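In: Here is my input, please return the structure:
(one chain, ligands or ions: 3)
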Amino acid sequence: MRTIITGGTVVNATGRAHADVVVDGEVITAVTAPGLITEADRTIDATGKYVIPGGIDAHTHMEMPFGGTFSHDTFATGTEAAAWGGTTTIIDFAVQARGTSLLATLDKWHAKADGDCAVDYGFHMIISEVDDGSLKEMRPCIDAGVNSFKMFMAYPGVFYSTDGDILRAMRRATETGSMIMMHAENGIAIDQLVAQALAEGRTAPVEHGLTRPPELEGEATSRAIALAGVTGAPLYIVHLSARHALEAVAAARNTGQNVFAETCPQYLYLSIEDMAKPGFEGAKYVASPPLRTRDHQADLWRGLRTNDLSVVSTDHCPFCFEDQKVLGRDDFSKIPNGMPGVEHRMDLLHQGVVAGEITLERWVEISSTTPARMFGLAGRKGTISPGADADVVVYDPAATQTISALTHHMNVDYSAYEGMEITGRVDVVLSRGSVVIADGAFHGKPGHGRFLKRDLSQYLL
Ligand SMILES: NC(=O)NCCC(=O)O
Ligand SMILES: [Zn+2]
Ligand SMILES: [Zn+2]
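Out: Numbers count the residues shown, from 1 in each chain. Ligands and ions are numbered 1, 2, ... in the order given. As a prediction, the model looks like this:
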């Protein structure tokens, strides 16, 4: 089956050109001068539109256990929503429960995802218990295509690791050529602030933000960087939300340390004012790290331009307002942490292009090309070039839309961006050569998405 996408502007991280894209079967076989090749089984007219590599969301949580409940998107619903928004690869987190092994965890996540995903998917592994067994199991995880390990400096008693645990895991990451990803918030200090707030009767959702100040994200980020420096491990700071942490990352990068960071659309567009909405409405915006004051946003956009922030992922972790967020109605510390977002990342970042914060090429780079390179998918994903998987999005920059829970496809009863006017819209999406979105309809199917064994070995010296 040959598909030609004609008449569009092909945008890669390295530049843009008027070109046609030829897809044979599952891969891109040529990027040619317009009109050079015309014989095809299917022609997609992209006149006036961008032709970009499918988005890679390197941070999602489908069906994730948290606070006695599960994030509400399954791998089937979450990957379909991703496709609607032009994301053709997700990397989700397998979560080690204490007392279980990493390999058993991996099996469990394969059982949840395999046969259900509409687009391709990979896994990171959350290490909740550092011991000889889990450190040893990092190697077979890597051999199974999972070469990035998330640890938590937050959530004592649940996911939390001590500095000693982190040091041990980082040493092992250095030995095995894998990546440590860090949730950097000082959970021990935060727990004190939370206990104090509750003792004083401060129970509203906004207290979630007030008890997790940006200084404690900055402190933990600096500490993680120091531990990584001592061990030589590469470090990836997840969901960086504030200037304090960004300054720590930038300083480390200026010394040449292998430190990378992602931010998320919610930190670029939403703020603590959303968490302070009347009644319990603010619970919709409870995630960790929390939304910050608006003045951090300009710093984050600058970080995206300077590459101190290299990736934008969503941290998609949806909990329904009506029957899940409500668990914390009388106690903000019981509100399940997380927000929906997998469907709107490409659109929201495109607003950064429209506003002149980033270039078109940088849009593609932070949402697709860099996550591919950083997480072992380079060559296959993140580029419109011969040999790459035909994960292609035709994006109409002139269309407009309004984000709403009434029209979104995520399996959650609210949108954090309700009513936001967006310039630009996904028009057609191909996942490995198959049309999954076209003419305003989903044409994919659960099970089309394949597990991606990721490989970082090409980067080892
Ligand atoms: N971010 C959040 O609040 N929930 C998902 C889990 C995590 O990434 O820490
Ligand atoms: Zn986290
Ligand atoms: Zn997360």
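In: Up against ligand 1, what does the stretch 301-450 of the chain have?
Out: Contact residues, the stretch 301-450 of the chain versus ligand 1 (C-beta under 6 Å from any ligand atom): 315, 317, 337-338. In this view, the C-beta of every residue, glycine as well, is placed from N, C-alpha and C.
In: and the stretch 101-250 of the chain, which residues reach ligand 1?
Out: Residues of the stretch 101-250 of the chain lying close to ligand 1 by C-beta under 6 Å from any ligand atom are 183, 239.
In: For the stretch 101-250 of the chain, just list every one of the helices.
Out: 102-113, 132-143, 163-176, 187-199, 206-210, 214-231, 243-254 (DSSP state H, counting those that start in this stretch).
In: Compare the ones you listed and report which one is nearest to Gly157.
Out: When the helices of the stretch 101-250 of the chain are compared by C-beta to C-beta, helix 187-199 sits nearest Gly157, at 8.7 Å.
In: what's the angle from the closest one to helix 214-231?
Out: Helix 187-199 runs at 160 degrees relative to helix 214-231, counting by axes from the mean of the first three to the mean of the last three C-alpha atoms, to 10 degrees.
In: other SSEs contacting helix 187-199?
Out: Secondary-structure packing of helix 187-199 (3 or more C-beta pairs under 8 Å, 6 or more residues apart in numbering; DSSP states H and E): helix 206-210, helix 214-231.
In: now the strands: where do they sit in the stretch 351-461 of the chain?
Out: Applying DSSP state E, counting those that start in this stretch to the stretch 351-461 of the chain gives strands spanning 392-402, 421-431, 434-438, 441-442.
In: What lies in contact with the shortest one?
Out: Yep, that's strand 441-442 we're talking about. Residues outside strand 441-442 that contact it (C-beta atoms under 8 Å, 6 or more residues apart in numbering) are 80, 83-84, 118, 409, 436.
In: export those residues to CSV and tack on neighbour count?
Out: What follows is those, written out as CSV (neighbours: other C-beta atoms under 10 Å):
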residue, neighbour count
Glu80, 27
Ala83, 31
Trp84, 24
Ala118, 30
His409, 17
Val436, 26
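In: how far away is Leu309 from ligand 1?
Out: 17 Å (C-beta to the nearest ligand atom, to the nearest Å).
In: Just the pLDDT for that residue.
Out: Leu309 carries a pLDDT score of 98 in this model.
In: Excluding chain neighbours, what is closest to the residue of the stretch 301-450 of the chain found nearest ligand 1?
Out: Using C-beta to the nearest ligand atom, the single residue of the stretch 301-450 of the chain nearest to ligand 1 is Asn337, 3.2 Å away. Excluding its sequence neighbours, the residue lying closest to Asn337 (C-beta to C-beta, 6 or more residues apart in numbering) is Ser288, at 4.8 Å.
In: ok, now Gly115?
Out: Gly447 (4.8 Å).
In: so what's the backbone phi/psi at the one you found?
Out: Main-chain torsions, Gly447, degrees, to the nearest 10: phi 100, psi -20.
In: burial count for it?
Out: Counted with other C-beta atoms under 10 Å, residues neighbouring Gly447 total 12.
In: and it, what does it touch?
Out: Here Gly447 is in contact with 115-117 (C-beta under 8 Å, 6+ apart).
In: what's across from Arg42 in the sheet?
Out: Arg42 has these beta-bridge partners by DSSP bridges: Thr3.
In: what number of residues lie near it?
Out: Arg42 has 12 nearby residues by other C-beta under 10 Å.
In: again, but for Thr423
Out: 16.
In: heads up, I number from 58, so please use that
Out: Shifting the count to begin at 58 puts that one at Thr480.
In: Shouldn't the residue nearest to Asn394 be within a helix?
Out: No. Assigned with DSSP: H, G, I helix; E, B strand; the rest coil, Ser345 falls outside any helix and is coil.
In: what's around Thr60, how many residues?
Out: Residues near Thr60, counting by other C-beta under 10 Å, number 21.
In: which residues touch the helix-or-strand element of the chain with minimal mean pLDDT?
Out: Among the helices and strands of the chain, strand 122-123 carries the lowest confidence by mean pLDDT, DSSP states H and E, at a mean of 93. Strand 122-123 is contacted from outside by 152, 154, 374, 376, 393-395, using C-beta under 8 Å, 6+ apart.
In: So the helix or strand following that strand, near ligand 1 or not?
Out: Counting by DSSP states H and E, the next helix or strand C-terminal to strand 122-123 is strand 126-127. No. Strand 126-127 does not reach ligand 1 (C-beta under 6 Å from any ligand atom); its nearest approach is 11.9 Å.
In: What lies in contact with strand 126-127?
Out: Strand 126-127 is contacted from outside by 120-121, 376, 381, 384, 393, using C-beta under 8 Å, 6+ apart.
In: Listing partners with orientation, what would you give for it?
Out: In the sheet, strand 126-127 lines up against strand 122-123 (antiparallel) (DSSP bridges).
In: starting at the chain centroid, how far to the partner strand?
Out: Mean-position distance between strand 122-123 and its chain equals 18 Å (C-alpha atoms, centre = their mean, to the nearest Å).
In: ok, Trp358 - contacts?
Out: Taking C-beta under 8 Å, 6+ apart, we find Trp358 in contact with 325, 409, 414-415.
In: Can you check my assumption that it lies in a strand?
Out: No. Going by three-state DSSP, the assignment for Trp358 is helix, not a strand.
In: neighbours around the residue of the stretch 158-307 of the chain found nearest ligand 1, how many?
Out: The nearest approach of the stretch 158-307 of the chain to ligand 1 comes at His240, 4.9 Å away (C-beta to the nearest ligand atom). Neighbour count of His240, defined by other C-beta under 10 Å: 24.
In: check contacts around the residue nearest to Asn394.
Out: Applying C-beta under 8 Å, 6+ apart, the residues contacting Ser345 are 211, 240, 242, 265, 269, 394.
In: Enumerate every residue touching the residue nearest to Thr350 when sequence neighbours are not counted.
Out: In space, and not counting its chain neighbours, Thr350 is closest to Ile329: 5.7 Å by C-beta to C-beta, 6+ apart. Counting by C-beta under 8 Å, 6+ apart, Ile329 touches 263, 266, 347-350.
In: got it, and Ala103?
Out: Ala103 neighbours (C-beta under 8 Å, 6+ apart): 62-65, 451, 484-485.
In: Repeat the analysis, applying 7 Å as the threshold.
Out: 62-65, 451 (C-beta atoms under 7 Å, 6 or more residues apart in numbering).
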